[in-house]
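1. here is the input, now give the coordinates:
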Amino acid sequence: MGRRVTFLEAARGRVLLFDGAMGTEIQALDPGPEDFPDGKEGFNDGLVLSRPEWISKIHRSYIEAGADCIETNSFGSNKIKLDEYGFGERTVEINEKAASLAAAEAGRVERDVYVVGSMGPTGYLPSSNDPDLGQIPLDTIQDAFALQAEGLVRGGADALIIETSQDILEVKLAIEGAHAAMEKSGSSVPLIANTTLDRYGKMLLGTTVQAAYTTVSDMGIDFFGLNCSTGPREMAPSVRWLSGQGHGLLVVPNAGMPENDGGRSVYGMTPDDMAGVLGGFISEYPQVRMVGGCCGTTPAHISALRRAIDGAQAGGR
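-> So this is what the prediction gives:
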């Protein structure tokens, strides 16, 4: 292979395909308490320590499906979330391990595959007045994200993504924490800021997509995105508005709107249906530089998206 094209160069030159859901793929492996660190059932991020071969296998399945970018198994690995499992003091180590597992799988193929460090929410809502969720020092949140970003960059992440964000103040703190980590390490990687919107285009606390974008657009982010919460059709008005702004876009919806089936969320959008909608976004909006799948998506969805992207780009994109 020749010189590796950087993540930014690739995203500017073609539409990049992200992977699909991690949690549902883990559940498909039917883990038991004995599979998690210290028997802490549900500690999915801890599987990078106790069952790294499982996480590598999931990464590999998405690469084989055609993904250009694979997200690390670190969605809940900020220090605040890790403290809930008693692993907060190992925040840097766990994130470094998550990134290195993904990087190892990316390095096995004869094409450029990029590792994107996943940074999910803390579970707090610092903008709210909720006595439980809103009363947390802001520097505690920022520091929690800074430690996570430090580990992800150390482990070889090509970019960082702040995702499934429901409070725009937390997004700002995560961005600041990521910048602090990159300054500390002396290694800078692209930064993607994602928000999660309801079907009306608002975050959990009522922030509109316009307000969310305006709040963080000048904070040194490279891309802005939408993920989770809804299917792609419900994202269409927000994608349309964002396509007229200055940043490239990442669109990572669920496989349709979640439906309750006996207390379990199910997602009914087929791979071809999802690829049809996202393929339309790619064709209509040049600002859409990355697409992928969130809850309910599988390697089959990613394969269908691969075909849609290749078809759109062969048609002149």
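2. give the contact list for M203.
-> 165-168, 195-197, 212 (CB atoms under 8 Å, 6 or more residues apart in numbering). Glycine gets a C-beta too; all of them are placed from N, C-alpha and C.
3. quick one: pLDDT of it?
-> In the prediction, the pLDDT value recorded for M203 is 96.
4. quickly note the distance from it to Q148.
-> Distance, M203 to Q148, by CB to CB, to the nearest Å: 21 Å.
5. what sits closest to E163 if chain neighbours are left out?
-> Using CB to CB, 6 or more residues apart in numbering and skipping the chain neighbours, the partner closest in space to E163 is N194 (4.1 Å).
6. that neighbour and E259: what is the separation?
-> N194 is 23 Å from E259, by CB to CB.
7. can you give me the neighbour number for the nearest residue to T207 once chain neighbours are set aside?
-> In space, and not counting its chain neighbours, T207 is closest to I168: 4.9 Å by CB to CB, 6+ apart. Using other CB atoms under 10 Å, I168 has 23 neighbouring residues.
8. check contacts around I168.
-> 127, 195, 203, 205, 207, 211-212, 215-216 are the contacts of I168 under CB under 8 Å, 6+ apart.
9. circling back to that earlier point, for N194 and E259, indicate the residue with more neighbours.
-> A direct count of neighbours by other CB under 10 Å for N194 and E259 places N194 higher, at 25 against 11.
10. and the one helix or strand the more buried one maps to, what does it pack against?
-> Using DSSP states H and E, N194 falls within strand 191-195. For strand 191-195, the elements it packs on are strand 159-162, helix 168-185, helix 209-216, strand 223-227, strand 248-252, judged by 3 or more CB pairs under 8 Å, 6 or more residues apart in numbering; DSSP states H and E.
11. can I get the ones you listed in TSV including mean pLDDT?
-> Compiled in TSV, those are given as follows (pLDDT from 0 to 100):
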stretch	mean pLDDT
strand 159-162	98
helix 168-185	97
helix 209-216	97
strand 223-227	97
strand 248-252	98
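12. how about JSON lines for the ones you listed, with distance to Q27 added?
-> As requested, these are arranged in JSON lines below (distance: least, CB to CB, whole Å):
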{"stretch": "strand 159-162", "distance to Q27": "22"}
{"stretch": "helix 168-185", "distance to Q27": "26"}
{"stretch": "helix 209-216", "distance to Q27": "30"}
{"stretch": "strand 223-227", "distance to Q27": "19"}
{"stretch": "strand 248-252", "distance to Q27": "19"}
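13. most packed of the ones you listed?
-> strand 159-162 (a mean of 28; mean count of other CB atoms under 10 Å).
14. CA-only coordinates of that strand in PDB, if you can.
-> Output of strand 159-162 as PDB, limited to C-alpha atoms (Å, rounded to 0.1, in the frame of the first residue of the first chain):
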ATOM      1  CA  ALA A 159     -10.800  10.500  15.000                       C
ATOM      2  CA  LEU A 160     -13.100  11.100  18.000                       C
ATOM      3  CA  ILE A 161     -16.900  11.100  18.000                       C
ATOM      4  CA  ILE A 162     -19.000  12.600  20.800                       C
END
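15. note down every partner strand of that strand and its orientation.
-> strand 114-119 (parallel), strand 191-195 (parallel) (DSSP bridges).
16. ok, and what's touching the helix or strand just after the longest one?
-> Elements were assigned by DSSP H and E; along the chain past strand 114-119, the next helix or strand is helix 138-154. The contact list for helix 138-154 (CB under 8 Å, 6+ apart) reads 72, 74, 77-80, 91-99, 117, 119, 122, 124, 126, 160, 162, 169-170, 173-174, 176-178, 180-182, 184-185, 187, 189.
17. what angle sits between helix 138-154 and strand 191-195?
-> Relative orientation of helix 138-154 versus strand 191-195 (axes from the mean of the first three to the mean of the last three CA atoms, to 10 degrees): 130 degrees.
18. so for helix 138-154, mean pLDDT?
-> 98.
19. just the buried positions in that helix, please.
-> Residues of helix 138-154 classed as buried: 141-154 (neighbour count, 16 or more other CB atoms under 10 Å).
20. fine by me, thanks again.
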